[in-house]
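Colleague: structure of the sequence below:
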Amino acid sequence: MSGEILSNEEMRRADAMAVEAGTASLALMENAGRGVADIIVSRFAPCRVAVLCGPGNNGGDGFVVARLLSGHGFDVVVACGGEQKGDAATMADQWRGARAPLIPVVLDEADLIVDALFGTGLSRPPDAIYRTLIEAVNRASVPVVAIDIPSGVDGDSGQVRGIAVEADITVTFFRLKPAHLLLPGRDLCGETLLADIGIPETACADIRLFENSPALWGAHYPWPQPDAHKYARGHCLVVSGPAHATGAARLAARGALRIGAGLVSVAAQGDAVAVNAAHLTAIMVKPFDGAAGLASLLADRRLNAAVMGPGLGVGPDTVALVARVLASGAATVLDADALTSFRDDPQALFGKIHHPVVMTPHDGEFERIFPGLLESAASKVEAARAAAARSGAVVLLKGNDTVIAAPDGRAAINANAPAGLATAGAGDVLAGFIGGLMAQGMPAFEAASAGAWLHGDAAGRFGPGLIAEDLPEILPESLSGLRERLVTPPNT
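Modeller: Numbers count the residues shown, from 1 in each chain. Got it, this is the predicted structure:
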C-alpha cells in the first residue's frame with residue numbers, strides 16, 4: 001500500500017529499522033541532506049544561501065545540505081547555535097565553509113534560506129532567540145526550503161508551537177507525516193516533496209494512517225460490470241425534510257445517482273412529496289407517514305442504503321426516523337440534523353449502530369455528539385479515531401483537511417479539497433456520493449474515503465464559481481480521470 005503517513009514516533013522506528021538492516025545512521029543523514037540538496041539544485045541557480053542549523057539531527061541534515069550545495073557552486077553560510085551532538089556533530093565537522101551565529105542579520109544577504117532548525121525534534125515553543133530568528137525568516141522576501149517539516153510545526157498534529165517557519169518548499173523523507181496534510185501545517189509546508197533515504201519498505205508494514213487517494217480504495221471502486229442492470233447497482237434512499245427544506249435531500253439524491261447507484265429515491269412526507277416530485281425526474285419520490293411508514297418502505301430490502309440528515313430537521317421526529325433506518329440494516333450515512341438530533345444523548349445513537357454507518361460531521365456537529373473530544377485529542381486524526389471507536393461508525397470529520405476514521409483504527413487524511421468547497425449544500429452532495437457508493441456495495445471506510453476524494457477532485461476541476469449543484473454535473477470528468485488513473489501504470 002502506498003500513501004502511508006508516519007507519526008514522529010513511527011518515523012523514528014523506521015530509522016531504527018533501517019539501521020538494524022545495515023544502513024548506518026550517518027548514511028541516512030547523508031542521504032537526507034543529499035535529497036534536499038538535489039531538489040534545491042534542480043529548482044534554483046547557484047546563489048547565496050543561509051542554512052540555519054539547530055543542534056539536533058535536523059541541523060545535521062542542514063550541514064550536509066550546506067556542504068553539497070557548496071560543491072555545486074552555491075555561496076553558503078551556515079548559521080548555528082549550541083553544540084551539535086552525535087551524527088550531527090560528525091556532519092558539522094565536515095563543513096569547512098563560513099559560519100555565523102543564529103541572528104537575523106545572517107539573512108540579510110541571502111537569496112535562499114534553508115530551515116534546518118528543529119524539524120520534528122521540537123517539543124515546546126521556540127525560545128526567544130529562535131522566535132526572533134523565525135520572525136525574521138518569515139519577513140524575508142526570499143524562498144525558504146524546510147528540511148522534514150517547518151520548524152515550529154508539530155509533526156503529529158500540524159499545529160504551531162508558538163511560531164513556525166513559513167516555507168515555500170518542504171522536503172521530507174520516506175513517507176509524509178500528519179502535519180504535511182493537516183492544517184495549518186500543510187499550508188506552512190508550501191510544496192511538500194518526498195526524498196528516498198534508504199529506509200526499507202517493510203517499515204510501513206503496520207501503519208494505519210494514509211493519505212486519501214485512489215491508491216487506498218481504488219481496488220474497491222464499484223465500476224459497472226458489462227452484465228450489470230440497475231437493480232444490481234443498489235437502491236439509495238434519501239430521507240427528505242419538510243416542504244421548505246427539501247433542496248438538501250435533492251442535492252444528496254443527485255449525488256448518489258450521479259456516482260452510480262442504480263436507483264435513487266427521495267422519501268418524503270406531507271407537502272414535501274409534491275415539492276420534491278416537481279423537481280425530480282430520474283429520482284423517484286416515495287411518500288411515507290412517520291417512523292412506522294419509513295420502516296415499511298425499508299422493509300423492501302432492495303433499498304440497501306440510506307442518507308439521512310440534510311434538511312431533515314432537528315428534534316424527536318428525526319430521532320425516531322434515524323432509529324428506524326438503523327434498525328433496517330441498510331448501509332447508512334448520517335449527516336447534519338441526523339447527528340445534531342442526538343446531542344442530548346449521543347450514546348442512544350451509538351447503541352443503535354449495528355450495520356455499516358458513516359457519520360459526516362463538521363466540527364460543530366462533531367462537538368455536539370463527541371463533546372470535548374476535539375479539544376482533548378492529540379490531533380484531528382486521533383479525535384476522529386476515538387469517535388469511530390466510541391460510536392462504531394466510520395467518522396468523516398469534514399474540513400479542508402477532512403479526516404476519515406474507521407472503528408478498527410484505520411484513518412485517512414484528505415488533502416485535495418479546494419477552498420471553493422466552502423459553499424452551501426456541498427456537504428449534502430458529499431453525503432449522497434458516499435450513500436451512492438455504499439448502495440453499490442463499497443465498504444463504509446472505502447466509500448467515505450472515495451466520496452471525499454472525488455468530491456474534492458470534482459470541485460478542483462470546476463474551479464472558481466462553484467456551487468453545490470455543479471458537483472454532481474462535473475463528477476463524470478472526475479470518474480473518467482479516476483478510471484484512467486487506475487488503469488494506467490505508474491510512470492508511463
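
Colleague: next, the nearest residue to Phe118 once chain neighbours are set aside: secondary structure please.
Modeller: Computed as Cβ to Cβ, 6 or more residues apart in numbering, the closest residue to Phe118 that is not its neighbour in sequence is Ser151, at 4.2 Å. C-beta: built from backbone N, CA, C; applies to glycine. Here Ser151 is recorded as coil under DSSP: H, G, I helix; E, B strand; the rest coil.

Colleague: count of residues packed around Ser151?
Modeller: Neighbour count for Ser151, taken as other Cβ atoms under 10 Å: 29.

Colleague: next one: it from Asn138, what distance?
Modeller: Distance, Ser151 to Asn138, by Cβ to Cβ, to the nearest Å: 11 Å.

Colleague: pull the contacting residues for the residue nearest to Phe118.
Modeller: Listed by Cβ atoms under 8 Å, 6 or more residues apart in numbering, the contact partners of Ser151 are 54, 58, 115, 117-119, 122, 126, 130, 134, 164-165.

Colleague: so which of those residues belong to strands?
Modeller: Asp115 (DSSP state E).

Colleague: name the helix or strand for Ala136, please.
Modeller: Using DSSP states H and E, Ala136 sits in helix 128-139.

Colleague: can you redo the contacts of Ser151 as a markdown table with neighbour count?
Modeller: A markdown table is the format used below for those (neighbours: other Cβ atoms under 10 Å):
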| residue | neighbour count |
| --- | --- |
| Gly54 | 27 |
| Asn58 | 26 |
| Asp115 | 30 |
| Leu117 | 30 |
| Phe118 | 30 |
| Gly119 | 28 |
| Leu122 | 22 |
| Pro126 | 21 |
| Tyr130 | 21 |
| Ile134 | 24 |
| Ala164 | 28 |
| Val165 | 28 |
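
Colleague: return the member of the contacts of Ser151 nearest to Leu194.
Modeller: Gly119 (14.7 Å; Cβ to Cβ).

Colleague: circling back to that earlier point, so for the helix holding Ala136, what's the average pLDDT?
Modeller: Across helix 128-139, pLDDT averages out at 96.

Colleague: helices and strands around that helix, which ones?
Modeller: Helices and strands in packing contact with helix 128-139 are not found; criterion 3 or more Cβ pairs under 8 Å, 6 or more residues apart in numbering; DSSP states H and E.

Colleague: tell me the first helix or strand C-terminal of that helix.
Modeller: Once the chain leaves helix 128-139, the next helix or strand it forms, by DSSP H and E, is strand 144-147.

Colleague: what sits up against that following strand?
Modeller: The contact list for strand 144-147 (Cβ under 8 Å, 6+ apart) reads 32, 36, 39-40, 58, 61-62, 65, 112-116, 119, 137, 165-171, 189-190.

Colleague: still on that earlier bit, any idea how far the residue nearest to Phe118 lies from Glu30?
Modeller: Where Glu30 is concerned, Ser151 sits at a distance of 21 Å (Cβ to Cβ).

Colleague: same check on Leu297?
Modeller: Distance of Leu297 to Glu30, computed by Cβ to Cβ: 66 Å.

Colleague: more neighbours: which of the two?
Modeller: More crowded of Leu297 and Glu30, by other Cβ under 10 Å: Glu30, with 22 against 19.

Colleague: please identify the helix or strand for the more buried one.
Modeller: If you go by DSSP H and E, Glu30 is part of helix 25-43.

Colleague: now that helix, how far from the centre of its chain.
Modeller: From the chain centre to the centre of helix 25-43 is a distance of 27 Å (Cα atoms, centre = their mean, to the nearest Å).

Colleague: buried set for that helix?
Modeller: Within helix 25-43, the residues that qualify as buried are 25, 28-37, 39-41, counting by 16 or more other Cβ atoms under 10 Å.

Colleague: out of the residues you listed, which one sits closest to Gly255?
Modeller: Using Cβ to Cβ, those come closest to Gly255 at Ile39, 39.7 Å.

Colleague: please consider this matter closed, and thank you.
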